[in-house]
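J.: Need a 3D model of the following:
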Amino acid sequence: RLLNFYNQENIFIVTNHEFYFEILGELSDLCHFNKSNIISEPEQKNTLPAICLATKVINDINPNSIISVFSSDHAIENDEKFNSAINYSAEYAANNQIVLFGVQPDKANTNYGYIEMGDNICSTGEVQIFNVTKFHEKPSESDAQIYIDKGYLWNSGIFIFNALCFIDLVKQYQPSIHQTFFVDDHEIDKDVYRSLPSLSIDYGLLEKIKNISVLKVDFNWTDLGTWNSLHDFFAKGKELDELNNVC
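T.: This is a model prediction of the structure:
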């Protein structure tokens, strides 16, 4: 998907060191991928350290980069609208904003986090960007329905930021992580990683900051993280058998 919008040399993949060669093998079917663009973590420490590691690598190559973060297990339909969302977000992120992609819910899904929106701060044609008022973690079904009725968006886990802005926010809210990645002059090895806290970017950073906004996207999005979401995705336009199975 990203090869449609980004030059190959500007795409970086973060993975656990155990999967480095597996990833390299899978990529060989797509393109001749530069090995240095595959960043391997010595140990799994959730999304904030992983994104800090990638930001360090990218910022060392190109300071003040605009970085977009995408999970690999998402299904996204409508490439044109996806590309437009990236371009508008990148433009807005240059002004020291972290921009999230927020998805209009189509049902009360309890597997996603929800974003409570504030003021509409940018509206151009089909593009709408709002202040983020509050994040709500995976809710019960009744709470999820309340969130939908209030107009909250699903948190897609896709976000775009200016690297220097992100580094500064990590310094402000997670100073020990900032010290490890962006100050200390040492290799980020297994011993260093072992000392890091396991923190998601949502809990460790996004829920604490003020300069964060959400772009309401206009494309179909699915996080293929549960059997139900896989079933719903693959069942589109296909005949199900008598037990409601899809192949």
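J.: Neighbours of Tyr193, how many?
T.: Number of residues near Tyr193 (other CB atoms under 10 Å) recorded here: 17. Glycine gets a C-beta too; all of them are placed from N, C-alpha and C.
J.: ugh, typo on my part, it should be Glu207
T.: Neighbours around Glu207, by other CB under 10 Å: 16.
J.: residues contacting the nearest residue to it once chain neighbours are set aside?
T.: Nearest residue to Glu207 in three dimensions, chain neighbours excluded: Phe135, at 5.1 Å (CB to CB, 6 or more residues apart in numbering). For Phe135, the contact set (CB atoms under 8 Å, 6 or more residues apart in numbering) comprises Gly113, Tyr114, Ile115, Glu116, Asn155, Asp202, Leu206, Glu207.
J.: Now the most centrally placed residue in the chain. Nearest residue, chain neighbours left out?
T.: Nearest to the mean C-alpha position of the chain, by CA atoms, centre = their mean, lies Ile158 at 3.0 Å. Spatial nearest neighbour of Ile158, chain neighbours left out: Phe101 (4.1 Å); criterion: CB to CB, 6+ apart.
J.: Likewise for Ile129?
T.: Cys122 (4.0 Å).
J.: Quick check: that neighbour is in a strand.
T.: Yes - under DSSP: H, G, I helix; E, B strand; the rest coil, Cys122 sits within a strand.
J.: Near it, how many residues? Count them for me, please.
T.: 15.
J.: Identify the residues contacting it.
T.: Tyr92, Gln128, Ile129.
J.: For the helix or strand bottoming out on mean pLDDT in the chain, list the C-alpha coordinates in PDB.
T.: Scoring the helices and strands of the chain by mean pLDDT, DSSP states H and E places strand 114-124 at the bottom, with a mean of 84. Below are the C-alpha coordinates for strand 114-124, written out as PDB (Å, rounded to 0.1, in the frame of the first residue of the first chain):
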ATOM      1  CA  TYR A 114     -12.600   5.900  20.600                       C
ATOM      2  CA  ILE A 115     -11.700   9.600  20.100                       C
ATOM      3  CA  GLU A 116     -13.800  12.300  21.600                       C
ATOM      4  CA  MET A 117     -13.600  15.400  19.400                       C
ATOM      5  CA  GLY A 118     -13.600  19.100  20.200                       C
ATOM      6  CA  ASP A 119     -13.700  22.100  17.900                       C
ATOM      7  CA  ASN A 120     -13.400  21.800  14.200                       C
ATOM      8  CA  ILE A 121     -10.100  23.600  13.500                       C
ATOM      9  CA  CYS A 122      -9.800  23.000   9.800                       C
ATOM     10  CA  SER A 123     -12.500  22.200   7.200                       C
ATOM     11  CA  THR A 124     -11.500  22.200   3.500                       C
END
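J.: Just the buried residues of the helix or strand that that strand is followed by, please?
T.: Going down the chain from strand 114-124, the next helix or strand is strand 127-136, by DSSP states H and E. For strand 127-136, burial by neighbour count (16 or more other CB atoms under 10 Å) applies to Val127, Gln128, Ile129, Phe130, Asn131, Val132, Phe135, His136.
J.: Which strand residues bridge the third one?
T.: To tie it back to what came earlier, the one meant is Ile129. Note on Ile129: beta-bridge partners by DSSP bridges are Cys122, Leu215.
J.: quick one: it and Gln145, what's the gap?
T.: 26 Å (CB to CB, to the nearest Å).
J.: can you check the first one too?
T.: Distance of Val127 to Gln145, computed by CB to CB: 28 Å.
J.: next one: Phe234
T.: As for Phe234, its distance to Gln145 is 25 Å (criterion: CB to CB).
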